[in-house]
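Colleague: structural data only, the sequence is not supplied:
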Ligand SMILES: Cc1ncc(COP(=O)(O)O)c(C=O)c1O
């Protein structure tokens, strides 16, 4: 730390992303990426755009917005793009939270929310999950502040139904509810259909997971034109050219190639159910996931030991050292072959231990 850093930032603990190894070839099941490459159409459009990189990109993302509007069936004035959904999450903290409007978060959720709260000096109200890790909407509805709800929830994969989101949003029209649908493509219900009806609902999505575009960095916010223009103000004050040319082009291809996306998501969902079944057969407790990952507890075996042993066997999964997650590992769902490697190594490690 230098002596020039603002004192208020000296205690900041930044978000810790999952490991991105550069050296050894890992079976990489730790950051919820897609195991499949981006659509061939997206790649072709990105290559074409590379020839124009001497020119600034379109700050309004006009063509990309048109494609998203067609695919999502929402008006262009209800859509905003960000450099990964993390960027729009950060803008939402700046736009919609302050000392009097805390961020309302579930006890277990995407860790970046609390990093943003710390960065922007936003107080956090934490609402517990039930014992079975499901989200109880009632305490969320009872809390004052801006709700950030990942659905399906990050780390658990458990989704809540659209009617519960409707109850939450309609319980107080003066409270903003932000539903982060990063993992919605893998089988969870979406609350997108409620955005026309409820101006206090903002949906955030990403092309990182279901559209195989984590490296391109493209997030989407969908909601009332008023909310979108609030976020636009922050975007244009910070980085008006936030989506580079190649990502805008690739985004069009990825969004329009709906069949490729649908087929990949279906494969991931089927590999998820296969992996869950095999893990349960090995004695694991596995939460019912609607996302592209599983949260699984090896019962009596030590989850951190399993994580470290898998790592030394060349398989990367995620372990969180927090009270309710200590006994669990989070496993991203990859190809069937990757899942078989993970399952075989897991069986071997646990077999050797017992
Ligand atoms: C719930 C949730 N929201 C948002 C993100 C951020 O995605 P990105 O910034 O890649 O769009 C993640 C990443 O893992 C996530 O788990």
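Modeller: Alright, I've got the coordinates. The shown structure was predicted, so the numbers you read here are calculated from the model rather than taken from an experiment.
Colleague: for the rest of this, base every contact and every neighbour count on C-alpha atoms.
Modeller: OK.
Colleague: tell me the buried residues in the strand or helix carrying residue 66?
Modeller: Of the helices and strands defined by DSSP states H and E, residue 66 is found in helix 62-72. For helix 62-72, burial by neighbour count (16 or more other C-alpha atoms under 10 Å) applies to 64, 65, 67, 68, 69.
Colleague: residue 346: which of those is nearest?
Modeller: residue 68 (40.7 Å; C-alpha to C-alpha).
Colleague: surely the closest one meets residue 255?
Modeller: Yes. The pair residue 68 and residue 255 passes the contact test of C-alpha atoms under 8 Å, sitting 6.6 Å apart.
Colleague: tell me what the host helix or strand of residue 349 is packed against?
Modeller: In this structure, residue 349 sits in helix 336-353 according to DSSP H and E. Where contact means 3 or more C-alpha pairs under 8 Å, 6 or more residues apart in numbering; DSSP states H and E, helix 336-353 is packed against helix 258-281, helix 303-312.
Colleague: if you set the cut-off to 7 Å instead, what comes out?
Modeller: In terms of contacts (3 or more C-alpha pairs under 7 Å, 6 or more residues apart in numbering; DSSP states H and E), helix 336-353 is packed against helix 303-312.
Colleague: dump the residue contacts of residue 184.
Modeller: When contacts are counted by C-alpha atoms under 7 Å, 6 or more residues apart in numbering, residue 184 touches 152, 190, 291.
Colleague: now for the one residue in the stretch 101-250 of the chain that gets nearest to the ligand, how many residues are close by?
Modeller: With distances taken as C-alpha to the nearest ligand atom, the stretch 101-250 of the chain approaches the ligand most closely at residue 206, which sits 4.4 Å away. Residue 206 has 27 neighbouring residues, counting by other C-alpha atoms under 10 Å.
Colleague: what's opposite it in the beta bridge?
Modeller: With beta bridges defined as DSSP bridges, residue 206 has these partners: residue 219.
Colleague: give the contact list for it.
Modeller: Shown in contact with residue 206 (C-alpha under 7 Å, 6+ apart): 84, 85, 182, 218, 219, 220.
Colleague: so what pLDDT did the residue nearest to residue 314 when sequence neighbours are not counted get?
Modeller: Of all residues beyond its chain neighbours, the one nearest residue 314 is residue 26 (4.9 Å), with distances taken as C-alpha to C-alpha, 6 or more residues apart in numbering. The predicted local confidence for residue 26 comes out at a pLDDT of 89.
Colleague: could you do the one 3 residues further on as well?
Modeller: Model confidence at residue 29, expressed as pLDDT, equals 97.
Colleague: and it, how far from the ligand?
Modeller: If you measure residue 29 against the ligand using C-alpha to the nearest ligand atom, to the nearest Å, the figure is 12 Å.
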